[in-house]
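Novice: I'd like to go over a predicted model; first the sequence, then the structure.
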Amino acid sequence: MSLVVSIAAIGLVLFTIGLVIGRMRLIADTGSRYEWGFWGWAWVAMFMSGTLFFGHSYSTRSVALDASAMVQLAWVAAACCFVLVSLPRTKILFGLAALPIMLFLLYGLFGLVTSVLSPAPKFSAYKAGLVVVDAILAAGFLSLSLRGSRWRVSDFVLGLIVLALGGALLGAVLWPGEAFQLKSGVFGVMLYGTLPIMHPNELGMWGGIVMVVSLVRWFAASTARSRWAWLFIGTSSATVVLLAQSRTSVAAILVSLLVAIPYLARTRAQALIGGGVLIMLAVGVVGVATVIVGPDTLFGPLVEYLKRGQDQGGLETMHGRVWAWMNIGWPMFMESPLIGNGFDAGTRFATDVTIGHLHNSFFQVLANSGLLGFIPWVMAVTIGSCQLFLRAWRRRSAPLQQRVSALVALLIMIGLLARAWTGSVLVSHAWSTMMFLGLMVDLYASRRSRVSESAANNVKNKTDVTRKTLLAHRRA
């Protein structure tokens, strides 16, 4: 226990230093300005409604209206009040013109309609209603871009998540008995979030995303202060990934690095040379270490870390997740392929197996919402992901800050998609859903700003040509 507490303490110190050096501005390099208004406060309230600090139960069938649920309802009510105040002054339909946001809204509305057939109708209606509010919030923020506002939602959400990771490290130092729960493996324990309450897999996902984003921001930082701040934040996030032992986040980090390193290289030759040198150095270091300490001593802890105390059969079947997909999720989908078994409730209440989710967002939506819910949901995620990739591809030769902005959005989406294959993200109201919608808001807002700038430049060019023509006629 002393080892993991020491690692958490080191991560907490690095996190604090990073905040101090960065002067508490986690996103200072973006150059964006924030216009709050009631839409901004509504977004904060919805983010806090998905944040638990006490009273959480891991019982999959528990829907008791405890103190934690009451606090969540209060945050949601506050967000709805802010939205109702802001709607009359906002051209919300312009925000709904973004296809992924519109599809996500349809996904939530369909959940509301079919909630009457759910085994827990009130639960399904509430969960679907939260998704509808999230989509309306995203549309409202996007409509603000028509008035020239550039409120970078994804950066703001990422900043709040960074603070949550710092809270997880603080809780590990203050209450190690609650934060570290027994789990066979290299450490013997796994890190659970306590400030706020978070599962290790969720901690690992966000820790990996923040780690990769910090690396990219460190590379593009314009000042030494920002560079050091991102370095410390990224290193502290790495300690969270280490203690949470999330294998999916490790895989997502590797994929993200394979995308980021060539993308940030100024030329193709630099990418090839840099990648080749890194591979040669890695192979050389591992080879020398293997000769010196032996393969069992070197790779034994790594294998134990990845196995997390599971036997070989459990490791090969992804800890029973493939079994859950094919033996619970698929039969549930076949029983009601059109409308599903209840929005975000079928896998909780409609089966005899005590399981909260299927460890796969695609099977989860298929089983709970059927094809009529799955189609708009998967279209929203697919279209949004492809658009983020295309923007990054088109900006590969743009100035550094524009490339970094597009790359950061793509890397966040890679982390979310990786977790979607082994967990339950983007299916209901959660930080992951708000992050995805925030990415869509920023994506479509940047498109509109580029269109506006292009139109303004065209008008300016036409004006200049007209002036030159008039001057030529006068001289003649």
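Specialist: Sure thing, it's come through.
Novice: pLDDT weak spots in the protein?
Specialist: Applying pLDDT under 70 to the chain flags residues 1, 23-36, 53-66, 145-151, 184-186, 266-320, 350-356, 448-476.
Novice: can you map out the strands along it?
Specialist: Per DSSP state E, the chain carries strands over the ranges 180-182, 189-191, 193-194, 197-198.
Novice: buried set for the first one?
Specialist: Translated: strand 180-182. residue 180 (16 or more other C-beta atoms under 10 Å). Heads up, the C-betas are built off the backbone N, CA and C, glycines and all.
Novice: residue 177: neighbour count?
Specialist: 7 (other C-beta atoms under 10 Å).
Novice: oh, that last question was meant for residue 20, not what I typed.
Specialist: Other residues close to residue 20 by other C-beta under 10 Å number 11.
Novice: about what we covered before: just say which of the strands of the chain is most tucked in.
Specialist: Neighbour counts (mean count of other C-beta atoms under 10 Å) averaged over each of the strands of the chain peak at strand 189-191, with a mean of 26.
Novice: show me what contacts the residue lying closest to residue 332 once chain neighbours are set aside?
Specialist: Leaving aside its sequence neighbours, residue 332 sits nearest to residue 367 (C-beta to C-beta, 6 or more residues apart in numbering; 4.0 Å). By C-beta atoms under 8 Å, 6 or more residues apart in numbering, the residues touching residue 367 are 328-330, 332-333, 340-341, 346-347, 358.
Novice: same check, this time on residue 379
Specialist: residue 103.
Novice: tell me how far it lies from residue 373.
Specialist: 11 Å (C-beta to C-beta, to the nearest Å).
Novice: what's the answer for residue 155, then?
Specialist: 30 Å.
Novice: show me which of those two is the more surrounded one.
Specialist: Of the pair residue 155 and residue 373, residue 373 is the one with more neighbours under other C-beta under 10 Å, namely 26 against 20.
Novice: let me see the contact set for the nearest residue to that one once chain neighbours are set aside.
Specialist: Computed as C-beta to C-beta, 6+ apart, the closest residue to residue 373 that is not its neighbour in sequence is residue 110, at 5.0 Å. Residues near residue 110 by C-beta under 8 Å, 6+ apart: 128, 343, 369, 372-373, 376.
Novice: try 7 Å this time
Specialist: Residues in contact with residue 110 (C-beta atoms under 7 Å, 6 or more residues apart in numbering) are 369, 372-373.
Novice: what's the closest of the residues you listed to residue 441?
Specialist: Closest approach to residue 441 among the contacts of residue 110 (C-beta to C-beta): residue 373, at 22.6 Å.
Novice: surely the closest one touches residue 107?
Specialist: Yes: with contact defined as C-beta atoms under 7 Å, residue 373 counts as touching residue 107 (5.8 Å).
Novice: so residue 187 touches residue 4, yeah?
Specialist: Yes: using C-beta under 7 Å, residue 187 makes contact with residue 4 at a distance of 5.4 Å.
Novice: circling back to that earlier point, mind putting the contacts of residue 110 in CSV, distance to residue 93 included?
Specialist: Converted to CSV, the contacts of residue 110 look like this (distance: C-beta to C-beta, whole Å):
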residue, distance to residue 93
369, 25
372, 24
373, 23
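Novice: among those residues, name the ones in helices.
Specialist: Among the contacts of residue 110, the members falling in helices (DSSP state H) are 369, 372-373.
Novice: in contact with the nearest residue to residue 108 once chain neighbours are set aside, which residues?
Specialist: Nearest residue to residue 108 in three dimensions, chain neighbours excluded: residue 131, at 3.3 Å (C-beta to C-beta, 6+ apart). Residues in contact with residue 131 (C-beta under 7 Å, 6+ apart) are 104, 107-108, 111, 428-429.
Novice: quick check: of those, which lies closest to residue 400?
Specialist: Distances from residue 400 to these, taken by C-beta to C-beta, are shortest for residue 104, at 31.9 Å.
Novice: what count of nearby residues applies to that closest one?
Specialist: 28.
Novice: and the gap between residue 321 and residue 200?
Specialist: 15 Å.
Novice: more neighbours: these two, which one.
Specialist: Of the pair residue 321 and residue 200, residue 200 is the one with more neighbours under other C-beta under 10 Å, namely 23 against 16.
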